[in-house]
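this is a predicted model, with the sequence first.
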Amino acid sequence: MKFALCILIVVSCFGAGMVKALEFSYRHRQLREIHRSFKRLQTEIQYVRETLPILLERLAKEENGLLAAFYNDVCEGLKKGEKSFYECWDTSVSNIYSNSSLLKEDKEILRQLGQELGKSDLQGQKSAFERFFSRLEEQIKESEETKKKKGKMYQSLGFYGGILIALLLF
């Protein structure tokens with residue numbers, strides 16, 4: 001009976017470490033999805049040359065998960081007509097990504113892109129996207145390193161912590 005309890009403690013602690021490690025993977029995946037989707041938005045702005053609300057509405061239908069919800073939320077805010085584009089964008093970043101794995105810095109990069117979109121000509125928007133992608137790629141690299149280092153650390157801490165608790169109890 002004691003042995004089974006020890007195994008249960010070790011497995012539970014290891015599971016807790018795995019859950020914490022998964023948060024780092026979720027952030028990395030979300031950043032890569034944002035990068036992919038916003039590359040597409042940039043291409044559509046440059047070559048299709050439709051208005052942002054139309055492009056965002058189309059992307060909302062073609063994406064899934066948080067990105068679709070984000071695009072939908074921006075579109076809904078614009079349809080109400082009570083706020084500017086940036087206010088709708090900023091509100092959507094806060095609403096949709098509030099419980100995500102993204103860090104404050106990640107959300108700030110999204111907010112800054114929203115400030116610059118729609119305010120300038122095509123060349124100005126191109127440079128805004130270049131700055132956005134440069135900063136986002138730095139965040140993606142950092143999230144990959146964090147995922148590797150801290151993910152393994154939390155898994156190990158969970159496992160060895162479980163062994164320590166089991167040894168201390170028995």
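Sure, I can see it.

just confirm residue 21 contacts residue 149, I think it does.
No. Residue 21 lies out of contact with residue 149 (CB atoms under 8 Å); the separation is 10.5 Å. The C-beta positions use only the backbone N, C-alpha and C, and glycine is treated the same way.

overlap in contacts, those two.
Common contact partners of residue 21 and residue 149 (CB atoms under 8 Å, 6 or more residues apart in numbering): none.

more crowded one of these two?
A direct count of neighbours by other CB atoms under 10 Å for residue 21 and residue 149 places residue 21 higher, at 19 against 11.

where do the helices of the chain begin and end?
2-43, 52-62, 65-80, 85-96, 104-116, 122-169 (DSSP state H).

can you list those in JSON lines and add mean pLDDT?
Output for these, formatted as JSON lines (pLDDT from 0 to 100):
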{"stretch": "helix 2-43", "mean pLDDT": "92"}
{"stretch": "helix 52-62", "mean pLDDT": "89"}
{"stretch": "helix 65-80", "mean pLDDT": "90"}
{"stretch": "helix 85-96", "mean pLDDT": "90"}
{"stretch": "helix 104-116", "mean pLDDT": "92"}
{"stretch": "helix 122-169", "mean pLDDT": "91"}
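
quick one: contacts for the most centrally placed residue in the chain?
By CA atoms, centre = their mean, the mean C-alpha position of the chain lies nearest to residue 30, the distance being 3.7 Å. With contact set as CB under 8 Å, 6+ apart, residue 30 has these partners: 66, 100-102.

do that again at 10 Å, thanks
Applying CB atoms under 10 Å, 6 or more residues apart in numbering to residue 30 gives the contacts 65-67, 97, 100-102, 106, 140, 143.

what does residue 75 give?
Per CB under 10 Å, 6+ apart, neighbours of residue 75: 52-60, 88, 92.

right, and residue 144 touches residue 150 too?
No. In this structure, residue 144 is not within contact of residue 150 by CB atoms under 10 Å, at 11.3 Å.

spell out which residues are contacts of both of those two.
With CB under 10 Å, 6+ apart as the test, residue 144 and residue 150 both reach residue 24.

let me know the pLDDT of the closest residue to residue 2 other than its chain neighbours.
When the adjacent residues along the chain are set aside, residue 2 lies closest to residue 170, with 5.4 Å between them (CB to CB, 6 or more residues apart in numbering). At residue 170, the model reports a pLDDT of 78.
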